[in-house]
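A.B. asks: this is a predicted model, with the sequence first.
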Amino acid sequence: MIAMLLVLRALASAQDVTEPALKAAFIYNFAKFTEWPADVVPDSGPLVMCVVGDAAVGDALERAVKGRMLAGHSMVVSNVASADPQRVCHVLYVSGVTTDQAARVFAGLRDVAVLTISDVEGFTERGGIAQFFFEHGQLRFGIHLESARRARLHISSRLLELAKRK
């Protein structure tokens with residue numbers, strides 16, 4: 001946990017780290033500290049991370065996970081159209097949309113084991129699991145535990161200690 005904090009703080013304070021790269025690092029760590037039900041991620045299949053509305057974060061996430069394994073799974077990043085986010089995503093990040101558009105994207109995922117993440121204001125209040133926000137110039141995040149439970153995802157207490165809980 002301390003190593004994760006140091007890495008995230010170092011990334012946040014480094015001048016050459018872009019916002020998309022920082023968000024990608026957070027998304028990767030969210031996945032790293034989340035457990036999916038055994039029936040959701042096939043033993044031989046990859047963990048699929050989908051990005052809607054922010055190609056820069058998608059590209060940065062692809063670079064961040066390239067060649068890495070997570071719980072014995074390779075990781076694949078897919079930029080998807082907002083109209084089709086449900087296609088086998090284990091992690092779904094949505095940005096660049098209105099609150100209503102985000103709500104429509106996630107409407108079909110309410111009880112599905114997908115780690116939903118966004119930077120759209122009010123996202124966790126509408127059923128999303130994790131939301132980025134800036135506080136005093138630093139990237140922070142909130143976790144909505146009830147949404148995670150409903151999705152049958154187990155979020156590590158180590159990650160929850162760093163989050164603003166809702």
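C.D. replies: Received, thanks. Residues are numbered from 1 along each chain as shown.

A.B. asks: for the longest helix belonging to the chain, the averaged confidence score.
C.D. replies: In the chain, with assignment by DSSP state H, the single longest helix is helix 19-32. Helix 19-32 shows a mean pLDDT of 95 in the predicted model.

A.B. asks: in it, which residues are buried?
C.D. replies: 20, 21, 22, 23, 24, 25, 26, 27, 28, 29, 30, 31 (16 or more other C-beta atoms under 10 Å). Every C-beta, even on glycine, is put in place using the N, C-alpha and C of the backbone.

A.B. asks: also stretch 149-156?
C.D. replies: Those would be 151, 153, 155, for stretch 149-156 by 16+ other C-beta under 10 Å.

A.B. asks: now the terminal residues of it, how far apart.
C.D. replies: Stretch 149-156 has an end-to-end distance of 12 Å (criterion: C-alpha to C-alpha, to the nearest Å).

A.B. asks: what pLDDT is listed against residue 106?
C.D. replies: Residue 106 is assigned a predicted lDDT (pLDDT) of 76.
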